[in-house]
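Student: below is the structure, and that's it, no one-letter string:
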């Protein structure tokens, strides 16, 4: 099951260069890694957002696979329709190829406005892999908070001011909401652990039903860090347990990458501009609350993974 | 085969015979029956359709877009708030040139919430690049549903076929059904230019256009609409030649020597024709024009019909809320601007939220129009007919 770099390098690129993403963009690495993992021909859909905007500016396209963009909130429904057409046409003998379907959405298009369509897609058991490239805010419109934005983060609609320390609420735990739908496969992953991600994509595409992977995907503009740090930040997110890597398969949870030692969240927070204000406060409570929330989720996850 | 069917049953029967590849829908009164019946056809194996019972109308049409892009023949049905919820995706379907067909049962838009017929739902969507066909009765609804598939696929624009909520949708009529096998035979296979499922020739659909291309692409959709009427006429003729029922672009009733006329859409065409007959018996030279194809607007055929009379009462079952009267009234005023012959116009906004319009009331409207003909004066150009306090 484990992919090798050599094997992946021999695959033709399905998401090509020449797109207009920022240097250090996490979303484009997500698209590239996910598509490299696919061992079947795939048809891709994307929600409105950075990934769509930077990759399909007419007359250029970075997609070397069939691709459709419909609107912001409906990529799950759109791909449900594509999959339904595939089933119907296959049944009628009009197509014989074995295809897989992948929907890409940002956290805004997935956690927020697209949640209903995602829920419907999973409930109706469409065999589509939904990949959320989760950069924890509405980056395409200039860094507004989403329900994936973590506690304490500065965004333009949850700004850190003289009274408020950034976003006041912890993020929505979408992966758990999806798991409550009992999909065929669900996981959290990130691009810094490429083999973990590739393995999860393969499992998801083999699963006979709807699947979901929530990919932690840094945005160097929104998170305010140097572009070369994208991968390092994802590794810190895993090492601090801010973003646990785990999967849900056949009704069971499993942590797929266990940090050797659980680092304090400060290490993750301090290299990002979106949290810089927290370190200037005399009162350290927001950082402690951030740590407490991370600990709570991590503890709960470990319990869920216990046999 | 002669049967008794409601409008909803007739549209569902048409869908059964069409046997589309994908139907995605969400229930809404008074259109619910269409997909409910269709679901039972799926359950009974009478069709080979993939049925997607979506979690909202927005997702239903979104799934239709995905399925149509994948090369499938795709249909849905909705009404009122459901169409309003689809609004965003209506433009995407036409912009992507996808031949989706909606069986639309006309119903008033909230608020106040109301489940009965007026045309505010489809008319609020008139600028979304969909073909819009208003039917007068169950037979026409059935026939047009079948025709719309061919029209949409040849024009490469989506189409909505409308019936009047509860009046046609739930009223039972005698209709003639085409034999099952003849419908798919007549329709043939959908021709696909770009297929999302062709992984060997990948296409990118729904791209981002900046200032350098958007206008040109939008212009192509406009051009498709500009070129649609001859194709609609051709399909209607092909249907007539095959099944013996011919449909016009603009329906004219006793217009040869009419001095005044009303212009209607939907089921009021039928009620109005009875009123015309009664007036004729009294020796009044009145006629009726019915706008069947509403989008694209049939400028030439409409001008030809309405300039036959000196006075025209334009009956709109919706208001634009613009202070300028109804949709049809404004369209007609617009096309008359360059016409040498201009009938006097009076706009009757009527029947909102399902308020009944009777034969007697239409006779009364004719009397008013005849009076205008005699005096040459329109006292008030827009009236809200049948509303208390008008």
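Tutor: Okay, I see it. Small disclaimer: the values here were computed from a predicted structure and weren't measured. Numbers count the residues shown, from 1 in each chain, chains lettered A, B, ... in the order given.

Student: return the distance of residue A:283 relative to chain B.
Tutor: Applying C-beta to the nearest C-beta, to the nearest Å, the value for residue A:283 to chain B is 44 Å. For every residue, glycine as well, the C-beta is placed using N, CA and C.

Student: what about that residue, how many residues close to it?
Tutor: Using other C-beta atoms under 10 Å in any protein chain shown, residue A:283 is surrounded by 9 other residues.

Student: excluding its backbone neighbours, what's nearest residue A:248?
Tutor: residue A:186 (4.3 Å; C-beta to C-beta, 6 or more residues apart in numbering or on different chains).

Student: which SSE is the one you found in?
Tutor: strand A:185-190 (DSSP states H and E).

Student: is the very next helix or strand once past that strand anywhere near chain B?
Tutor: Downstream of strand A:185-190, the next assigned helix or strand under DSSP H and E is helix A:194-206. No: shown here: helix A:194-206 not in contact with chain B (C-beta under 8 Å from any C-beta of the partner chain), separated by at least 14.2 Å.

Student: neighbouring strands of whichever helix or strand comes after helix A:194-206 in the sheet, and parallel or not?
Tutor: Once helix A:194-206 ends, the next helix or strand along the chain (criterion: DSSP H and E) is strand A:211-216. Strand pairing for strand A:211-216, determined by DSSP bridges: strand A:129-134 (parallel), strand A:185-190 (parallel).

Student: kindly calculate the angle that the last one makes with helix A:194-206.
Tutor: For strand A:185-190 against helix A:194-206, the angle by axes from the mean of the first three to the mean of the last three C-alpha atoms, to 10 degrees is 160 degrees.

Student: on that earlier part again, now the strands paired with strand A:211-216 as JSON lines including mean pLDDT, distance to residue B:274 and mean neighbour count?
Tutor: Below are the strands paired with strand A:211-216 laid out as JSON lines (pLDDT from 0 to 100; distance: least, C-beta to C-beta, whole Å; neighbours: other C-beta atoms under 10 Å in any protein chain shown):
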{"stretch": "strand A:129-134", "mean pLDDT": "98", "distance to residue B:274": "56", "mean neighbour count": "30"}
{"stretch": "strand A:185-190", "mean pLDDT": "98", "distance to residue B:274": "62", "mean neighbour count": "27"}
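
Student: and for residue 238, the neighbour number?
Tutor: I went with chain A, as the question did not name one. Under the neighbour criterion other C-beta under 10 Å, residue A:238 is assigned a count of 25.

Student: you looked at the wrong chain, it should be chain B
Tutor: For residue B:238, the count of nearby residues is 13 (other C-beta under 10 Å).

Student: may I see the buried residues of the strand or helix carrying it?
Tutor: Using DSSP H and E, residue B:238 sits within helix B:228-243. Residues of helix B:228-243 classed as buried under the neighbour-count rule (16 or more other C-beta atoms under 10 Å in any protein chain shown) are B:228, B:229, B:231, B:232, B:233, B:235, B:236, B:239, B:243.

Student: next: stretch B:241-260.
Tutor: B:243, B:247, B:249, B:250, B:251, B:252, B:253, B:254, B:255, B:258, B:259, B:260.

Student: thought the second one was touching residue B:238?
Tutor: Pointing back at residue B:247 there. No: applying C-beta atoms under 8 Å, one finds residue B:247 not in contact with residue B:238, separated by 11.2 Å.

Student: please work out which residues outside the helix or strand containing residue A:32 touch it.
Tutor: Residue A:32 is located in helix A:26-37, with elements delineated by DSSP H and E. Residues outside helix A:26-37 that contact it (C-beta atoms under 8 Å, 6 or more residues apart in numbering or on different chains): A:3, A:8, A:11, A:13-15, A:19, A:21, A:42, A:44, A:50-51, A:54-55, A:65, A:102, A:104, A:106, A:131, A:133, A:135, A:191, A:194, A:197-199, A:201-202, A:205, A:213, A:215-220, A:230, A:234.

Student: any idea of the mean pLDDT for the helix or strand following it?
Tutor: For helix A:26-37, the following helix or strand on the C-terminal side (DSSP H and E) is strand A:42-46. Throughout strand A:42-46, pLDDT has a mean value of 98.

Student: return the distance of strand A:42-46 from the chain's centre.
Tutor: Strand A:42-46 sits 15 Å away from the centroid of its parent chain (C-alpha atoms, centre = their mean, to the nearest Å).

Student: and the next helix or strand past it?
Tutor: Going down the chain from strand A:42-46, the next helix or strand is helix A:50-55, by DSSP H and E.

Student: residues in contact with that following helix?
Tutor: For helix A:50-55, contacts defined as C-beta under 8 Å, 6+ apart pick out A:15, A:19-21, A:25, A:27-28, A:30-31, A:46, A:61-63, A:69, A:104, A:106, A:133, A:135, A:139-140, A:219, B:208.

Student: what does stretch B:163-176 give?
Tutor: Contacts for stretch B:163-176 (C-beta under 8 Å, 6+ apart): B:1-8, B:10-11, B:30-31, B:33, B:79-80, B:103-107, B:115-117, B:135, B:137-139, B:141-142, B:245, B:266-268, B:354.

Student: helix/strand/coil for residue B:210?
Tutor: coil (DSSP: H, G, I helix; E, B strand; the rest coil).

Student: that one and residue A:57 touch, don't they?
Tutor: Yes: Residue B:210 lies in contact with residue A:57 (C-beta under 8 Å); the separation is 6.5 Å.

Student: look at these two and report which has more neighbours.
Tutor: Taking other C-beta under 10 Å, residue B:210 and residue A:57 do not tie; residue A:57 has more neighbours (18 against 8).

Student: ok, now which ones touch the more buried one?
Tutor: By C-beta under 8 Å, 6+ apart, residue A:57 lies in contact with A:20, B:207, B:208, B:210.

Student: can you rerun that using 6 Å?
Tutor: residue B:208 (C-beta atoms under 6 Å, 6 or more residues apart in numbering or on different chains).

Student: which element, helix or strand, includes the residue of the stretch 101-250 of chain A found nearest chain B?
Tutor: Going by C-beta to the nearest C-beta, chain B is nearest to residue A:120 of the stretch 101-250 of chain A, at 3.3 Å. Using DSSP H and E, residue A:120 sits within helix A:115-123.

Student: show me what the helix or strand bottoming out on mean pLDDT in chain A is packed up against.
Tutor: Here the helix or strand of chain A ranked lowest by mean pLDDT, DSSP states H and E is helix A:5-10, holding a mean of 87. Counting contacts by 3 or more C-beta pairs under 6 Å, 6 or more residues apart in numbering or on different chains; DSSP states H and E, helix A:5-10 is packed against no other helix or strand.

Student: chain center to it, what's the gap?
Tutor: Helix A:5-10 sits 23 Å away from the centroid of its parent chain (C-alpha atoms, centre = their mean).

Student: ditto for stretch A:224-239
Tutor: Centroid separation between stretch A:224-239 and its chain, computed with C-alpha atoms, centre = their mean, is 15 Å.

Student: stretch A:148-166 too?
Tutor: The chain centre lies 21 Å from the centre of stretch A:148-166; the measure is C-alpha atoms, centre = their mean.

Student: for stretch B:127-135, same thing?
Tutor: Per C-alpha atoms, centre = their mean, the centroid offset for stretch B:127-135 relative to its chain is 6 Å.

Student: surely residue A:260 is in a strand?
Tutor: No: counting by three-state DSSP, residue A:260 is located in no strand; its state is coil.
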